[in-house]
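Trainee: give the three-dimensional model of this entry:
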Amino acid sequence: NSRLGAQSRIQSQGLEIRNLDIGFVREMPQPNDVVNLWTFFDEWSRCISSRYQRDSLYRHGHFDSCTQQWSDLKTAGRAKMMNDEEEARSVVDKTFYKKNIGSDSNNSPT
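Mentor: Numbers count the residues shown, from 1 in each chain. Model (predicted):
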């Protein structure tokens, strides 16, 4: 019964679930080609790495707080849960990563 209650609560939030032998699997509303959380996680983990922080200290005289990358990761998580694909894309397009780094060679710092 508790599973059915959880199932109805999840479905009311617009998430699709499947009942498997091992339990429930929730599927995110947005696929990875719309919002790829791994990209933003990789950027954040790169930023907090000791090598990057050492380079930041050497080049700029201080450690990088990585707040932009952390903010991007949280924003991507929110976009991943949105039901509207266009809205999710527009939210992701406003991130620091998409504006300053991303895959657009015009935005590349190198």
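Trainee: can you give me the helices in this protein?
Mentor: With DSSP state H applied, the chain shows helices at 2-12, 37-48, 50-60, 67-80, 85-93, 96-100, listed in chain order.
Trainee: what about this protein, any weak spots by pLDDT?
Mentor: Along the chain, segments meeting pLDDT under 70 span 1-26, 102-110.
Trainee: contact partners for residue 82?
Mentor: Neighbour list for residue 82: 29, 30, 88, 91 [criterion: Cβ atoms under 8 Å, 6 or more residues apart in numbering]. The C-beta positions use only the backbone N, C-alpha and C, and glycine is treated the same way.
Trainee: how about the helices of the chain in JSON lines, adding mean neighbour count?
Mentor: Output for these, formatted as JSON lines (neighbours: other Cβ atoms under 10 Å):
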{"stretch": "helix 2-12", "mean neighbour count": "10"}
{"stretch": "helix 37-48", "mean neighbour count": "16"}
{"stretch": "helix 50-60", "mean neighbour count": "11"}
{"stretch": "helix 67-80", "mean neighbour count": "18"}
{"stretch": "helix 85-93", "mean neighbour count": "15"}
{"stretch": "helix 96-100", "mean neighbour count": "17"}
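Trainee: tell me, how many residues neighbour residue 27?
Mentor: Residue 27 is surrounded by 10 other residues when neighbours are defined as other Cβ atoms under 10 Å.
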